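In: After the sequence you'll find the predicted model.
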Amino acid sequence: MNRTAVYGPDVTDPITGTYHVMGNLFETSGEYTIRVEVVAIGNTAPTERIADEFKMQVTSEPSFSA
């Protein structure tokens, strides 16, 4: 079951801040690259491309026994 949750930003200004994505997004462990791009600021497209990539390591969720 996909239980993806998205929340943010972490500040009171709705235009800046950190957004979070949590859920079963990856099928296997490994290194992934996430690419983000700003496509609009308010209703205006930026005059220059604003984008970045972030590398991350995904590992399987540990199982905890009671």
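Out: Received, thanks.

In: mind listing the strands for this structure?
Out: Assigned by DSSP state E, the strands in the chain fall at 5-7, 20-22, 30-38, 50-58.

In: Can I get those in CSV including distance to residue 44 and mean pLDDT?
Out: The way it works is simple: take the backbone N, C-alpha and C, and place the C-beta from them, glycine included. CSV is the format used below for the strands of the chain (distance: least, C-beta to C-beta, whole Å; pLDDT from 0 to 100):
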stretch, distance to residue 44, mean pLDDT
strand 5-7, 23, 63
strand 20-22, 25, 69
strand 30-38, 11, 88
strand 50-58, 12, 89
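
In: what about residue 32, neighbour count?
Out: By other C-beta atoms under 10 Å, 13 other residues sit near residue 32.

In: That one contacts residue 55, doesn't it?
Out: Yes. The pair residue 32 / residue 55 is scored as a contact, 7.4 Å apart, by C-beta atoms under 8 Å.
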